[in-house]
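**Student:** Let's see this in three dimensions:
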Amino acid sequence: MKKLLLVAAAFIFSVTTFAQQTADDVMKVNTEKFDFGKIKQGVPVSTYFELKNTSDKPLVVETVYASCGCTTPEKPTEPIQPGATYKLKVNYNAAGMGHFEKDVTIKLAGIETPKIVKITGDVVADQSVANTQTKPNPVTATPAVTNSNTNSQTKTEKAPVQKTKTTTKTKTAGS
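**Tutor:** The predicted structure follows:
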């Protein structure tokens, strides 16, 4: 009877120990936080977090999710083998202006406590006219407020395209 109690106690102790295992016990990450610094609004950026399996069993990443829709991590499709490293890609769309701090949660199969890594940075407006003209949305708003010369050049270039469309509509209506 004493042996049965001892075996039961050992079993409970081992189950309790296994249940308290964290992601940090089986996986190491190259950095806990990545700072993009200053990035231009509307220009998506990416970074990689290196996940290294430090256990003796393959690690299955159940889910990887971010604290908002502007951040999209890419979940591994295969288990991370013992001793292997996986590069977790995290994309940020940089649509909103200002400072950002986003959490990326990595949930491993069989591990209750997930690993959380962070991305941070500052999204700033693009001040150069040349770069602004390559983006469709800011081109419309920026020249009307700042540069009348640039605005007239832009209208001159667009006018033939609009006339062509009008001529095409006239032909279609006249046919």
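
**Student:** contacting residues around the residue nearest to Asp126 when sequence neighbours are not counted?
**Tutor:** Nearest non-adjacent residue to Asp126, counting by Cβ to Cβ, 6 or more residues apart in numbering: Lys40, 4.7 Å away. (Each C-beta comes from the backbone N, C-alpha and C, glycine too.) Contact partners of Lys40, counting by Cβ atoms under 8 Å, 6 or more residues apart in numbering, are 94, 123-126, 131.

**Student:** Same check on Phe34?
**Tutor:** Phe34 is in contact with 47, 49, 90, 117-120, counting by Cβ under 8 Å, 6+ apart.

**Student:** what's across from the residue nearest to Asp126 in the sheet?
**Tutor:** Beta bridges link Lys40 to Val124, judged by DSSP bridges.

**Student:** Can you give me the separation between it and Thr47?
**Tutor:** 16 Å (Cβ to Cβ, to the nearest Å).

**Student:** one step back: what is the nearest of the contacts of Lys40 to Lys107?
**Tutor:** Of all those, Lys107 sits closest to Ala94, with 25.9 Å by Cβ to Cβ.

**Student:** residues near the closest residue to Thr71 other than its chain neighbours, how many?
**Tutor:** Leaving aside its sequence neighbours, Thr71 sits nearest to Lys102 (Cβ to Cβ, 6+ apart; 4.5 Å). By other Cβ atoms under 10 Å, the residues close to Lys102 number 17.

**Student:** by contact count, what packs against the helix or strand containing Lys102?
**Tutor:** Element membership for Lys102, per DSSP states H and E: strand 98-108. For strand 98-108, the contact count by 3 or more Cβ pairs under 8 Å, 6 or more residues apart in numbering; DSSP states H and E identifies helix 23-26, strand 61-66, strand 71-73, strand 85-92, strand 115-124 as packing neighbours.

**Student:** These into JSON lines, with extra columns for mean neighbour count, distance to Ile106 and mean pLDDT?
**Tutor:** Below are the helices and strands packed on strand 98-108 laid out as JSON lines (neighbours: other Cβ atoms under 10 Å; distance: least, Cβ to Cβ, whole Å; pLDDT from 0 to 100):
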{"stretch": "helix 23-26", "mean neighbour count": "16", "distance to Ile106": "7", "mean pLDDT": "94"}
{"stretch": "strand 61-66", "mean neighbour count": "17", "distance to Ile106": "5", "mean pLDDT": "96"}
{"stretch": "strand 71-73", "mean neighbour count": "18", "distance to Ile106": "8", "mean pLDDT": "96"}
{"stretch": "strand 85-92", "mean neighbour count": "18", "distance to Ile106": "7", "mean pLDDT": "97"}
{"stretch": "strand 115-124", "mean neighbour count": "18", "distance to Ile106": "4", "mean pLDDT": "96"}
